[in-house]
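any chance you can model this:
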Amino acid sequence: MPTLNELIEKMEPQNIRDKSLIRKCIDGLTVYASQQAQADAMSSKIPEMRTLIENLAAYWGLDDGSIENSKRDFLEPFEKSIKAAMQGAELDNGYQHSAAVIYGLYRYGEDMVCSQGDIAKDYILSASELMKEISSAWDFESHVLDDLTARLEAEVQSFSEPAMGGM
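Next up is the predicted model:
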């Protein structure tokens, strides 16, 4: 039987890939929020995206547990991008970020299913809905999207179903 240290060592490459994906996802969410800000400076999506970015950074340990690191690495660039968008800066169309955002949000939801279960169902469903919203906004057409969101939604649905078992 492997030791805990051996398991951690074995999982490290996946952890590195996950963190890289989430960083790219955060970049894409920043672009999406900037587009929302440019279209409507009062959009409720802007504070929602800011909170999500903060949550993603903390959840995946990208901020090393430091509020200052989170501000410097994720929130300050977010705020600068929003401000520039509101001042009319040219924004990219977001499509180049779409796969990272979709898969990053899916990975976040998937991990929350495993680690937090029923407690996180609202976050998981929000991730699923946001995946659909962003894919529509960026014309990201993929049959995979339906499968990913269906998986997350099925997991949440399973929280509500009574456990099957004999009496």
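
CA atoms for contacts and neighbours, from now on please.
Noted.

next, the buried residues of whichever strand or helix holds residue 20.
Secondary structure assignment for residue 20, by DSSP states H and E: helix 4-39. For helix 4-39, burial by neighbour count (16 or more other C-alpha atoms under 10 Å) applies to 18-19, 21-38.

what helices or strands is it leaning on?
Here helix 4-39 touches helix 45-59, helix 76-86, helix 95-116, going by 3 or more C-alpha pairs under 8 Å, 6 or more residues apart in numbering; DSSP states H and E.

that one to helix 45-59, inter-axis angle?
Angle, helix 4-39 to helix 45-59, by axes from the mean of the first three to the mean of the last three C-alpha atoms, to 10 degrees: 170 degrees.

from the chain's centroid, how far away is helix 4-39?
Remark: helix 4-39 is offset 8 Å from the chain centroid, using C-alpha atoms, centre = their mean, to the nearest Å.

in PDB, could you pull the C-alpha coordinates for stretch 61-74?
Provided in PDB are the C-alpha atoms of stretch 61-74 (Å, rounded to 0.1, in the frame of the first residue of the first chain):
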ATOM      1  CA  GLY A  61      -4.000  27.500  -3.800                       C
ATOM      2  CA  LEU A  62      -2.900  29.900  -6.500                       C
ATOM      3  CA  ASP A  63      -2.600  32.700  -3.900                       C
ATOM      4  CA  ASP A  64      -0.500  30.600  -1.500                       C
ATOM      5  CA  GLY A  65      -3.000  31.500   1.200                       C
ATOM      6  CA  SER A  66      -2.100  35.200   1.000                       C
ATOM      7  CA  ILE A  67      -4.600  37.900   0.300                       C
ATOM      8  CA  GLU A  68      -1.800  40.100  -0.900                       C
ATOM      9  CA  ASN A  69      -0.800  37.500  -3.500                       C
ATOM     10  CA  SER A  70      -4.400  37.100  -4.600                       C
ATOM     11  CA  LYS A  71      -4.800  40.900  -5.000                       C
ATOM     12  CA  ARG A  72      -1.500  41.300  -6.900                       C
ATOM     13  CA  ASP A  73      -1.800  38.300  -9.200                       C
ATOM     14  CA  PHE A  74      -5.500  38.100  -9.900                       C
END
